[in-house]
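Enquirer: Next come a sequence and a model predicted from it.
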Amino acid sequence: MWRRVASLSSSISSSFLAQTASRLNTWESLTTGIAQQAKGVIAPKEKTPFITFVLGGPGSGKGTQCIKIVETFGFAHLSAGDLLRREIASKSADGAMILNTIKEGKIVPSQVTVKLIQKEMELSDNHKFLIDGFPRTEENRVSFERIIGVEPNVVLFFDCPEEEMVKRVLNRNEGRVDDNLETIKKRLTVFQALSLPVINYYSERGKLYTIKAIGTEDEIFEQVRPIFAAFEQTVG
Ligand SMILES: Nc1ncnc2c1ncn2[C@@H]1O[C@H](COP(=O)(O)OP(=O)(O)O)[C@@H](O)[C@H]1O
Ligand SMILES: Nc1ccn([C@@H]2O[C@H](COP(=O)(O)OP(=O)(O)O)[C@@H](O)[C@H]2O)c(=O)n1
Ligand SMILES: [Mg+2]
């Protein structure tokens, strides 16, 4: 009995000591870190990025709702479409290809789009990101995970009837080359064929929040608000 107790006590003491030592090390580094931060010696620890993908068909209200989320919860809004349009305007090497792709309502090669998103994330001093209109395809999704190396925390899907999306896009008046009936039809086909499977992917992983995107902008935002309110404590 003694031997068993002795062997138990020796195994308890060695594993207990090991655990205590590692906790002490953690505590020491933490308190040193806090003490040094107080003195302004070391930069505050990098915060883990909190990433929300914002999905939905053309005209479903993604951009409109992103503005409200930014105003209310302080996220950085990265619109994939805006980043691509900025690339066109800058007359970069990819600009002509991107313009033709957008005119056709097709999806730009993921490497191009992901690199633009990555650069914006690196330049941002925010750790909370709304990535609007991305991923639109399985290739988009896989490229983001491979290049940026993280998965989203939340995926929003603004679910809107097609006739409402067409009406909104045709009334958008932003002078966009892809806001015309011919292109919107192509974009809706792309959305059904390539983007809905990505939405289902996140639904199967329990990360999807589907918002009924019909009603006033404020009514729709009242469905969005509680989603982010629930994360406020932990995300900061
Ligand atoms: N709830 C709504 N009801 C009516 N029009 C809307 C609503 N939300 C957005 N819109 C308008 O519809 C158009 C498309 O909205 P937008 O946010 O650009 O959608 P997306 O980014 O999904 O294409 C814009 O002109 C916008 O002002
Ligand atoms: N991930 C993305 C997002 C947009 N795009 C292109 O950019 C166009 C406009 O995207 P957008 O998000 O601004 O369009 P809306 O849904 O806001 O109308 C798309 O129709 C695609 O041609 C892309 O190729 N890949
Ligand atoms: Mg948009």
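Expert: Yep, that arrived. Residues are numbered from 1 along each chain as shown. Ligands and ions are numbered 1, 2, ... in the order given.
Enquirer: Phe73: how many residues sit nearby?
Expert: Per other CB atoms under 10 Å, the neighbour tally for Phe73 reads 19. In short, each C-beta sits where N, CA and C put it, glycine included.
Enquirer: which residues touch it?
Expert: By CB atoms under 8 Å, 6 or more residues apart in numbering, Phe73 lies in contact with Lys128, Phe228, Glu232.
Enquirer: now, which of the residues you listed lie close to ligand 3?
Expert: Among these, proximity to ligand 3 is found for none (CB under 5 Å from the ion).
Enquirer: out of the residues you listed, which one sits closest to Pro161?
Expert: Phe228 (25.1 Å; CB to CB).
Enquirer: Turn the contacts of Phe73 into TSV, including secondary structure, neighbour count and pLDDT.
Expert: Conversion of the contacts of Phe73 to TSV gives the following (DSSP: H, G, I helix; E, B strand; the rest coil; neighbours: other CB atoms under 10 Å; pLDDT from 0 to 100):
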residue	secondary structure	neighbour count	pLDDT
Lys128	strand	21	97
Phe228	helix	21	97
Glu232	helix	11	89
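Enquirer: Can I get those residues in TSV including distance to Lys115?
Expert: Listed next are the contacts of Phe73 as TSV, based on distance: CB to CB, whole Å:
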residue	distance to Lys115
Lys128	21
Phe228	27
Glu232	31
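Enquirer: So which of the residues you listed reach ligand 1?
Expert: Among the contacts of Phe73, no residue lies close to ligand 1 (CB under 6 Å from any ligand atom).
Enquirer: and Asn140, what element?
Expert: Using DSSP states H and E, Asn140 falls within helix 138-148.
Enquirer: try Thr210
Expert: Assigning secondary structure by DSSP H and E places Thr210 in strand 208-212.
Enquirer: tell me which parts of this protein are close to ligand 1?
Expert: Taking CB under 6 Å from any ligand atom as the measure of proximity, the chain contacts ligand 1 at 56, 58-64, 168, 172, 216-217, 220.
Enquirer: again, only using 5 Å
Expert: By CB under 5 Å from any ligand atom, the residues of the chain that approach ligand 1 are Gly59, Ser60, Gly61, Lys62, Gly63, Thr64, Arg168, Arg172, Glu217.
Enquirer: so how far is Phe73 from the closest residue to ligand 3 within the chain?
Expert: Of all residues in the chain, Gly63 sits closest to ligand 3, at 3.6 Å by CB to the ion. Using CB to CB, to the nearest Å, Gly63 is found at 16 Å from Phe73.
Enquirer: What of Pro197?
Expert: Separation of Pro197 from Phe73 (CB to CB): 29 Å.
Enquirer: cool, and Gly175?
Expert: Distance, Gly175 to Phe73, by CB to CB: 30 Å.
Enquirer: what do you get for Glu164?
Expert: Glu164 sits at a distance of 26 Å from Phe73 (criterion: CB to CB).
Enquirer: Next: Val112.
Expert: Applying CB to CB, the value for Val112 to Phe73 is 29 Å.
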